[in-house]
Structure formats: structure tokens, C-alpha cells
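Sequence first, then the predicted structure, then my questions.
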Amino acid sequence: MFTKILIANRGEIACRVASTAHRLGVKSVAVYSEADANAKHVAVCDESVAIGPAPAKESYLRADKIIEVAKATGAQAIHPGYGFLSENEDFAEACAKAGIAFIGPPASAIRAMGSKSAAKALMEKANVPLVPGYHGDNQDADFLREQADKIGYPVLLKASAGGGGKGMRIVEKSEDFKAALESCKREAINSFGDDKVLVEKYLTRPRHIEIQVFADTQGNCVYLFERDCSVQRRHQKVLEEAPAPGMTEERRRAMGEAAVAAAKAVGYVGAGTVEFIANQDGSFYFMEMNTRLQVEHPVTEMITGLDLVEWQLRVAFGEPLPKKQEELTIHGHALEARIYAENPEKGFLPSIGTLRHLHTPPAVNFELGQGSVAGNPAAIRIDSGVREGDAISPFYDPMIAKLIVWGNDREEALAHMSQALAEYQVVGLATNVAFLKRLVESRPFSQADLDTGLIERNHDELFPTPQPASLQILGLAAASLLSSEQTAGAAANDPWANTSGWRMNGALLRTLEFGEEGSTYPVSVSYRENGWTLGLNGASSVMTLVERQGQHLVIKVDGTAVRGTVVRAADVFHVFTGGAHYVLNYNDPLAHAGESEAEGGRLTAPMPGKIVALLVEKGKTVEKGAPLLIMEAMKMEHTIAAPANGTVEDLLYAVGDQVAEGAQLLAFKAA
Ligand code: MV4
């Protein structure tokens, strides 16, 4: 086995590869960009080397630098992870030239699968089923339309060089063909520099089913069964599972053998995935082959009990595949949910910032390389490249973690997933956790009524109108606030503490004002023996604090116990209860006194980004609210305004500068 490998990636996949390397006694070398100097993947590797600025083009995509680092550190092999250089044939070739093993397929196999039409021609020869269509060289518009007429409408035009859903056009009838072809070719040349298209029969409710294959350098090739990845949004996978619901043994063998034939046709070595598009009746067609380890590989690991990264390392070292086809079996059912820093309510806009609070369900009964998980009551695995306190930056994919669960069957796995999502708490940025929970609990997903349009078709169920905060939720926030005031004791400047003698006699009434987007809830509070009386909208309730351990609270509202976690971040209370997350703004009557003085001199970047405009000069006197500078982050502009009337004493950055979250942007003195 190799004694040292370099991991040319970041985030969860770099950590994932490092953990297998560690288990096998193989040393790992991390590479990192300026944005990742304190990243988890750097911490979990044995050595680390900086390779450049934050933008991937200047760091994780610098093939030359990475190979140089491999040579300098004595790494015998490079694992590219997914994305970045993983499917770059020039990189694979450059590794080979440098005498370093590329932990992936030969460059020739990457190349063969890179062009859709060329790959389809190869697959046709290898008897791999293809969607009825035309993928030849003749690009004459009349000829292509004749082909479409022959196939029968609707047809789908696809850019040959395309991928990820770009450069596709559905054509419903012959009269629409020419216009769609022109528009498809325009997009193809703009996006890929190549306007070659292919024409296919359009499948109206397809499923995405992919087969994991593995080949060694001795000519062995096996399939590790299928994954169903039909639940996607804009061609991004959201949920993945293995095995595919409804799969028969016969169909599984047919798809597995077709995938192996596809791999053999291109001289494949290592881990690969053959993607099929399947009709509801189970008929399936080759779409493309991904020549790397995939994000969703853990569901395959969960049902086979194998460590695919271990297999990759063994194959790259020249060992034969650890198992033969007959020795491979499926145990139970696994689901994966991709937890993203994004806002489903705002069109899934990526959300950047710091993970101020991160509580995850406990990873249980799962250990890589421990063989089958069958027989366990449940297994939960979390693959993540970030920890509490880390930031999701605008430079890379905003995935926070992959949550993977296993159960004896699909129903059990679903129950575990639902519960694990209920326990997943993030404060600091928006996430898709609540959306994922609704999705796994939705009728179509829980009944395995799957196809690639599931999310769009069930929009109303998946995006319900938010309900106003209940007294239970407001009670948790209030109890957290009131009980921390009590434990904080008599701070000299706390008027409530100064009147603590009043608390027990119930004479003191105050109003806590909580707000959500669009609503405010004035909660009146008075102390009574062993608790409080809460009033909201004319009704009144008795609340008692049953238990408090840090952020975990148990309260009783009119005798009914309510359990939850309350995380306070400045004036925002995050209440986690019943598997849901409520965000309440607290209008603190004390916090804003003397604010203009307090805020003077520390105008900071709310998120990492770039300075795009300076609107004032040094020494300028401005009025409260005057725009001072504009930052760009996540392709959006954010204006930083004067917090009070005052003077700009210094500008600390120039236009074009990159700034970190929390960095002081200018020195400001309130008048
Ligand atoms: C299709 C199709 C229907 N009919 N081809 C989308 C990405 C690209 N890799 C292939 N894709 C599709 N090809 C035919 N002939 C529907 C899709 C498709 C899709 C496929 C897999 C997963 C998600 C998808 C979402 C929309 C469309």
C-alpha cells in the first residue's frame, strides 16, 4: 500500500479520504487555499501545504502546484476527490508523467466519457441501452428535424459537450424544431464552445438511477448495485438512496451488467458511476458516466458494508478488487440528505457566514471498514468538512454536511432520517434542514413515488406558508431570557436585577417584544411564585421553568411540558423545538441606548466578500444612514451605511480588496 497520499480537495470529501487513509496507516497531505488555513481538512491530515489564494482557479485547480507539492512531500499518489481536478484528463496525465499515481481512471477513460455523443457511439457498440435518438455527426438542421420526426415528439435536444442540464431543449412538435435547435446551439457554443447537439426521445417522468462500478488493473470489473438520485433541484441532487425502490433482482442484474459493459468499453479502472435514466416501467437508458467517486457514495457503503475509498487506494496501488461479484450483497436501506447553507424560502440562495451553533444528531453504529451494518437498530453517519465556529465562504460549494442513515428497510431508514433532521441545529446561516425534513416526510417521497420532477410538482406541500409563533415557542424564548437574567444576577446596570425584590410578589409587569418577519408579539410577563404569567393577545397563561441545562430548556405552559433548545445570538433568539427552528428577533429596550457611541469606530464586514465601491473619502462628515461603501458577496451587493452622524476617520480597504467576515472596514467616529 502507499505510505503517503496527497488529497487535492477540501471540505467533507478531503476529510472522508483522510479518514480511510488514517485507518489504513497511510499518511495524508492536505493542500489548502488562503481561505482554508484553519479548515477541518487541514486539521485531520498529517501534513498540509498552502497552495494559493481563495479562488479555486488560483489554488485547488492549480494542477502544476499540486503535483509539485506531491513531489516535495513524497506523496506517491493523489486523490482528487470530486469536482476540481477529479475529471481533468490533463491532470491525470500530468500525474502519470510525474510518476505519481492518480487515484482515478486513466486519462483515456475520462476523455472517452467526456463527449456525450462520442460516449453514446461507444456505448451503442458495447450494447448498452441508449435512449432512442440520433447522436451522429450530421448537424444539418433539416436532417436533424427529420430524425426528430422519426423518433416522435416530444424530443429533447442536448448539447453534446453539455452536462448538468445545461444546453437542453424540449421540443413538443415538428414546427417548433428549428427555433429550438438554433437556441440550443447558441447556448451550447456560448457555454461549451461546441455547438454539436444530439436528439433524443424525451422521457416525461424519468428516474435517475446510477450504478456504482469498480474496476482493477487486472481486468476485473464489478457493480456495487444502484443508487436512486431522482430527487433533484435544478440538476443538483438533494436526496439519494440505495437500493432503488421497486428494483427487481432481474433489473438490477441487467443494469449492473450494462454498467460493467460501459466501464469495460472505455478501459475503466477505479471507482466510477454509470448514470441511467429510467422510465416508470423500469426500462432504462445510458445517460453518462462519472469518472470519479461521487458525493453520494456513502449510501452504497452503508448497504454493502464496504469502504469505497479503501478500494480506490488498493486499485490505484495495483491490487486486485477485494471482492468478486458473487460476494457482494445488499443489506437494508440507506438514505443521504445533503445539508446546504442555502435559503429554500429565497429560491435556495446560498447563505454564507459562520456556523455559530451546530448541534448534530449523534453518529451511531457506523464505522468505516467495519463491514456490514446489518443487525444494527439504526446507523447514522455524518460526513462534514466544517465544525462549529467554521465559516461557509462564498468561494466554494456551500454544503455543510451529508447526513446518511441506515435502516433494515426503507421505512425504517426514513424514520431515522426524519428524526436525525429534527435534531440537526444550525445557527449563523440559513439551511435547507427544514425543507429536507418536509421532503422526506412528504407523501410522494415516503411512498417512493419518485421522478426527477418531484420537488417542482409538490411545491405547495414543500413550501407551506409559515405559521405564526405559538405561545409555546414564545414561552421558550421568554424562559431562556428570563432565567438567564436571574442567573446573571445583579449586574449594576441591569434595572431588572435592581428590582429583584419585586420579582417574587408578582407586582412587576414588563413586556418582551419578539418579532418574526412581518409580525411582532408583545408578550407581557409578570413574576409569580415558581414561574411567570405570560400574556399574549389578551389571553394569559402560566409558565414554569422545569429544567434548564445550558441551552436546553423544559418549560410547562398551562401544565403542558414543552422541551426545546434556545440559542441567543445578539438580539435574535433561535428556538429549536419539535424538530422545527423558529427565529425570533428580540427588541431589547436596553440594547439601543447609547448605540451610536457604541457602534462608532467598528464598522465591520457582515460576511466575506469584495469591496466594489468606496462612496466617501477619509475625513468626510456624514449623516446617519449615509452609504459609505459597497461590498459584493455571493454576487449580491451590500451597502454599509453610517450608524450615526459622524466622521469617517479612515478607510481601511481599497476597491477590489477581498475582506474577511468581521473585518473592520473603516474607522468611524460618531458626532
Ligand atoms: C433526459 C430527460 C428526459 N429525456 N433525456 C438532465 C441532465 C442530463 N444529464 C440528462 N437530463 C435529462 N435527460 C431524455 N431523453 C430528462 C433529464 C432530466 C434529468 C435527468 C436526471 C436527473 C434529473 C433530471 C432533471 C431534469 C431533466
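Arrived safely, thanks for sending.

can you pull the contacts of residue 558?
541-543 (C-beta atoms under 8 Å, 6 or more residues apart in numbering). For every residue, glycine as well, the C-beta is placed using N, CA and C.

any idea of the pLDDT on it?
Looking at residue 558, its pLDDT reads 95.

Distance of the residue of the stretch 1-150 of the chain found nearest the ligand relative to residue 156?
Distance from the ligand to each residue of the stretch 1-150 of the chain (C-beta to the nearest ligand atom) is smallest for residue 131, at 4.4 Å. Remark: distance between residue 131 and residue 156 (C-beta to C-beta, to the nearest Å) = 8 Å.

who has more neighbours, those two?
Per other C-beta atoms under 10 Å, whichever of residue 131 and residue 156 has more neighbours is residue 131, with 25 against 21.

do you know how far the more buried one is from residue 301?
Residue 131 is 30 Å from residue 301, where distance means C-beta to C-beta.

Residue numbers of the protein in contact with the ligand?
Residues of the chain lying close to the ligand (C-beta under 6 Å from any ligand atom) are 131, 156, 165, 200-203, 206, 208, 232, 235, 277, 287-288, 452.

Identify the residue nearest the residue sitting nearest the centre point of the chain in space, chain neighbours excluded?
What sits nearest the mean C-alpha location of the chain, by C-alpha atoms, centre = their mean, is residue 399, with 2.6 Å. Excluding the flanking residues, the one nearest residue 399 by C-beta to C-beta, 6 or more residues apart in numbering is residue 340, at 5.5 Å.

and for residue 131 and residue 156, which residues touch both?
By C-beta under 8 Å, 6+ apart, the residues touching both residue 131 and residue 156 are 200-201.

Now do the domain split for this structure, please.
Following automatic domain parsing, one finds the domains of the chain at 4-103, 132-201, 207-461, 471-586, 603-670.

picking up where we left off before, of the contacts of residue 558, buried ones?
Buried residues within the contacts of residue 558, counting neighbours by 16 or more other C-beta atoms under 10 Å: 541, 543.

I'd like the contacts of residue 558 written out as JSON lines, with secondary structure and distance to residue 219 added.
Output for the contacts of residue 558, formatted as JSON lines (DSSP: H, G, I helix; E, B strand; the rest coil; distance: C-beta to C-beta, whole Å):
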{"residue": "541", "secondary structure": "strand", "distance to residue 219": "73"}
{"residue": "542", "secondary structure": "strand", "distance to residue 219": "75"}
{"residue": "543", "secondary structure": "strand", "distance to residue 219": "71"}
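
show me the contacts for residue 642.
Going by C-beta under 8 Å, 6+ apart, residue 642 touches 622-626, 628, 668.

what ranges of the chain fall below the confidence cut-off?
Along the chain, segments meeting pLDDT under 70 span 371-378, 487-508, 590-602, 634-637.

change it to 50
Low-confidence segments of the chain, defined by pLDDT under 50: 490-507, 592-601.

give me every residue that touches residue 343.
If you count contacts by C-beta under 8 Å, 6+ apart, then residue 343 has 349, 351, 430 around it.

Which one of those residues sits in the busiest neighbourhood?
Of all the contacts of residue 343, the highest neighbour tally under other C-beta under 10 Å goes to residue 430, namely 23 neighbours.

Thought residue 341 was touching that residue, still the case?
Yes: if you go by C-beta atoms under 8 Å, residue 430 and residue 341 touch, sitting 6.8 Å apart.

where do the contact lists of those two overlap?
Common neighbours of residue 430 and residue 341 (C-beta under 8 Å, 6+ apart) are residue 351.

which residues sit in contact with whichever residue of the stretch 351-500 of the chain sits closest to the ligand?
Nearest residue of the stretch 351-500 of the chain to the ligand (C-beta to the nearest ligand atom) works out as residue 452 at 3.6 Å. The contact partners of residue 452, taken as C-beta under 8 Å, 6+ apart, are 205-208, 230, 232.

which of these count as buried?
Buried by 16+ other C-beta under 10 Å: 206-208, 230, 232, out of the contacts of residue 452.

what ranges do the helices span in the stretch 451-600 of the chain?
Taking DSSP state H, counting those that start in this stretch as the test, the helices found in the stretch 451-600 of the chain are 454-457, 459-462, 471-488, 495-498, 500-503, 595-599.

ok so, going back, among the residues of the chain next to the ligand, which are located in strands?
Assigned to strands by DSSP state E, the following of these qualify: 156, 200-201, 208, 232, 277, 287-288.

Let me see the ranges of the strands in the stretch 401-550 of the chain.
Secondary structure of the stretch 401-550 of the chain (DSSP state E, counting those that start in this stretch): strands at 425-427, 509-516, 519-528, 531-536, 539-549.

so of those, which one's packed in deepest?
Of all those, strand 425-427 has the most neighbours on average by mean count of other C-beta atoms under 10 Å, namely a mean of 22.

what comes into contact with it?
For strand 425-427, the external contacting residues (C-beta under 8 Å, 6+ apart) are 339, 355-360, 400, 433, 565, 567, 569, 574, 576, 581.

By neighbours, which of the residues you listed wins?
residue 400 (28 neighbours).

so it is in which element?
In this structure, residue 400 sits in strand 399-407 according to DSSP states H and E.

packing partners for that strand?
Judged by 3 or more C-beta pairs under 8 Å, 6 or more residues apart in numbering; DSSP states H and E, strand 399-407 is in contact with helix 11-23, helix 297-304, strand 333-340, strand 379-384, helix 410-422.

which one of those lies closest to residue 270?
With C-beta to C-beta as the criterion, residue 270 lies closest to helix 297-304 of these, at 12.3 Å.

okay, the angle between that closest one and helix 410-422?
Orientation check (axes from the mean of the first three to the mean of the last three C-alpha atoms, to 10 degrees): helix 297-304 against helix 410-422 gives 140 degrees.

Please work out the angle formed by the directions of helix 297-304 and strand 333-340.
Using the same axes, to 10 degrees: helix 297-304 against strand 333-340 is 160 degrees.

Next, the angle helix 11-23 makes with helix 297-304.
Angle of helix 297-304 versus helix 11-23, following the same axes, to 10 degrees, is 50 degrees.

Surely residue 198 is in contact with residue 155?
No: if you go by C-beta under 8 Å, residue 198 and residue 155 don't touch, sitting 10.1 Å apart.

More neighbours: which of these two?
More crowded of residue 198 and residue 155, by other C-beta under 10 Å: residue 155, with 30 against 21.

What distance do you get for the more buried one to residue 142?
From residue 155 across to residue 142, the span is 15 Å (C-beta to C-beta).

Repeat that for residue 80.
From residue 80 over to residue 142 (counting by C-beta to C-beta), the distance is 44 Å.

so which pair among the contacts of strand 425-427 is furthest apart in space?
Within the contacts of strand 425-427, two members stand farthest from each other by C-beta to C-beta: 339 and 569, at 19.4 Å.

Just give me the neighbour total for the residue nearest to residue 645 when sequence neighbours are not counted.
Spatial nearest neighbour of residue 645, excluding adjacent residues (C-beta to C-beta, 6+ apart): residue 671 at 4.5 Å. Other residues near residue 671 come to 12 when the count uses other C-beta under 10 Å.

immediately after the helix or strand harbouring residue 32, which helix or strand?
Assigned by DSSP H and E, residue 32 belongs to strand 27-33. With elements assigned by DSSP H and E, the helix or strand that comes after strand 27-33 is helix 40-44.

OK, contacts around the nearest residue to residue 289 once chain neighbours are set aside?
Nearest residue to residue 289 in three dimensions, chain neighbours excluded: residue 113, at 4.4 Å (C-beta to C-beta, 6+ apart). Neighbouring residues of residue 113 by C-beta under 8 Å, 6+ apart: 119, 266, 288-291.
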